[in-house]
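Q: Model the following, please.
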Amino acid sequence: MVEVKNLTKHYGHVTAINDLSFEIRDNEILGFLGPNGAGKSTTMNIIAGYLPSSEGTVTVCGHDIKEDARAAKKCIGYLPEIPPLYPDMRLEEYLRYCAGIKGIRGGNVKKEVEKVMKRLELTDMRRRLIANLSKGYKQRAGLAQAMIGDPKLLILDEPTVGLDPTQVAEFRNIIRDLGKDHSVILSSHILGEISAVCNRVVIINKGELCAVDTIENLERRATGSPVLNLTIEGEQLAAAFVLDGISGIREVQDVIEIDNNTSVFKIILEDEKARQSIMSALIENGINVVEMSIDKPDLEKVFLDLTRKKSKRSKSDNK
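A: Okay, here's the model as predicted:
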């Protein structure tokens with residue numbers, strides 16, 4: 001569907017993105033994740049054909065975005081971070097205008113605009129001035145212009161910034177639905193956004209690629225041993241003595257006293273299988289186990305680990 005190879009962009013002596021390579025598959029929602037200033041918007045602008053690259057290639061539906069820009073752009077719908085809206089136009093008027101720009105003519109204009117408004121639940125807003133739309137509906141209007149012409153690829157750059165929680169949830173549902181019949185690139189610095197809707201993730205930092213994989217695989221690759229949170233009722237010292245004799249425990253990292261009779265142990269394990277041994281040993285010694293839970297690595301931990309490593313490598317390279 002989309003292939004990005006060795007993509008680089010220089011602004012004078014500053015390198016905004018450096019040697020990025022990844023692909024977007026058919027009917028996939030690909031998360032494009034990175035901290036602010038990582039180069040996400042620059043990459044999106046290059047893929048969309050808004051900005052030329054300094055080096056590398058972008059191929060969309062088999063068309064090079066530089067060499068065959070017209071054919072490539074017919075396959076692309078783009079919602080930039082600031083939607084390209086005209087506040088003094090009515091919604092339907094605006095969408096008809098966008099259809100005309102995309103080369104749609106005659107009766108097909110009305111058909112296309114109606115189809116997009118219906119899918120995004122904008123029909124009741126058709127006669128409203130864009131200036132009078134809520135933030136959520138303005139984002140939908142921006143998405144509607146991207147969808148006109150039924151492009152195979154939708155590029156969404158920070159689409160939920162500034163929306164309230166209800167609007168965010170609604171927009172996520174829209175993105176999930178679009179992923180059934182479009183390829184979608186969703187650029188965001190919001191981890192929950194990516195986790196909620198994406199099949200795979202590209203993580204960049206300081207313009208360089210950190211990882212490309214499914215969220216599940218990234219979480220499996222996360223560094224660090226499992227941490228067991230163990231809440232017990234009873235004598236803290238007695239529990240510590242029992243834990244000291246159990247294999248599979250690397251160390252007791254911390255003990256938090258909740259009250260005179262309840263304590264929480266944070267235990268670094270060699271392996272999660274040690275949980276059963278811990279439970280059995282404590283019960284045999286008359287110590288009541290209230291709760292046991294494992295802190296597993298999530299996308300936030302993976303993201304922080306990968307971006308910190310990239311930052312450390314960059315500092316080392318500059319010395």
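Q: What is the neighbour count of Arg172?
A: 18 (other Cβ atoms under 10 Å). Backbone N, C-alpha and C define where each C-beta goes, glycine included.
Q: swap in Asp64?
A: What Asp64 shows, counting by other Cβ under 10 Å, is a neighbour count of 14.
Q: who's in contact with it?
A: Residues counted as contacts of Asp64 (Cβ atoms under 8 Å, 6 or more residues apart in numbering) are 57-58, 72.
Q: sec struct for the most centrally placed residue in the chain, please.
A: When Cα atoms, centre = their mean is applied to the chain, the residue found nearest the centroid is Ile194 (2.5 Å). On the three-state scheme (DSSP: H, G, I helix; E, B strand; the rest coil), Ile194 is labelled helix.
Q: per the record, what domains does this structure have?
A: The chain breaks down by the TED database into domains covering 2-221, 225-295.
Q: Now intersect the contacts of Asp64 with the strands, please.
A: 57-58 (DSSP state E).
Q: Distance to Val212, neighbour count and pLDDT for the contacts of Asp64 - can I get that in CSV?
A: Listed next are the contacts of Asp64 as CSV, based on distance: Cβ to Cβ, whole Å; neighbours: other Cβ atoms under 10 Å; pLDDT from 0 to 100:
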residue, distance to Val212, neighbour count, pLDDT
Thr57, 17, 15, 97
Val58, 16, 21, 98
Ala72, 22, 23, 96
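Q: Return the closest of the contacts of Asp64 with respect to Lys9.
A: Checking the contacts of Asp64 against Lys9 by Cβ to Cβ gives Val58 as the nearest, at 11.4 Å.
Q: any idea how far Gly37 is from the closest one?
A: Per Cβ to Cβ, to the nearest Å, Val58 is found 22 Å from Gly37.
Q: Can you get me a residue count around Leu30?
A: 24.
Q: my guess is it contacts Leu186, does it?
A: Yes. Distance between Leu30 and Leu186: 7.0 Å, which falls inside the contact criterion (Cβ atoms under 8 Å).
Q: Can you check which residues contact both of those two?
A: Common neighbours of Leu30 and Leu186 (Cβ under 8 Å, 6+ apart) are Cys198.
Q: pLDDT weak spots in the stretch 51-200 of the chain?
A: Nowhere does the stretch 51-200 of the chain drop to pLDDT under 70.
Q: what ranges do the strands span in it?
A: Using DSSP state E, counting those that start in this stretch, the strands found in the stretch 51-200 of the chain span residues 55-60, 63-64, 76-79, 153-157, 183-188, 200-205.
Q: Switch those over to CSV; also include distance to Ile283.
A: Listed next are the strands of the stretch 51-200 of the chain as CSV, based on distance: least, Cβ to Cβ, whole Å:
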stretch, distance to Ile283
strand 55-60, 60
strand 63-64, 66
strand 76-79, 56
strand 153-157, 52
strand 183-188, 46
strand 200-205, 41
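Q: do you know which of the ones you listed lies nearest Val252?
A: strand 200-205 (33.0 Å).
Q: Please tell me how far the helix or strand following that closest one is from the chain's geometric centre.
A: Remark: after strand 200-205, the chain's next helix or strand is strand 208-214, criterion DSSP states H and E. The gap between where strand 208-214 is centred and where its chain is centred comes out at 12 Å by Cα atoms, centre = their mean, to the nearest Å.
Q: Parallel or antiparallel, list what pairs with strand 208-214.
A: If you go by DSSP bridges, strand 208-214 pairs up with strand 200-205 (antiparallel).
Q: Can I get the strand it pairs with as CSV, trimmed to CA atoms?
A: Extracted C-alpha coordinates of strand 200-205, given in CSV (Å, rounded to 0.1, in the frame of the first residue of the first chain):
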residue,chain,number,x,y,z
ARG,A,200,1.0,-1.7,14.5
VAL,A,201,3.2,1.1,15.7
VAL,A,202,6.1,3.1,14.3
ILE,A,203,8.0,4.9,17.1
ILE,A,204,10.4,7.8,16.3
ASN,A,205,12.5,10.1,18.4
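Q: What angle do strand 183-188 and it make with each other?
A: Interaxial angle, strand 200-205 versus strand 183-188 (axes from the mean of the first three to the mean of the last three Cα atoms, to 10 degrees): 40 degrees.
Q: before we move on, the earlier item: which of the domains of the chain is buried the deepest?
A: domain 2-221 (a mean of 18; mean count of other Cβ atoms under 10 Å).
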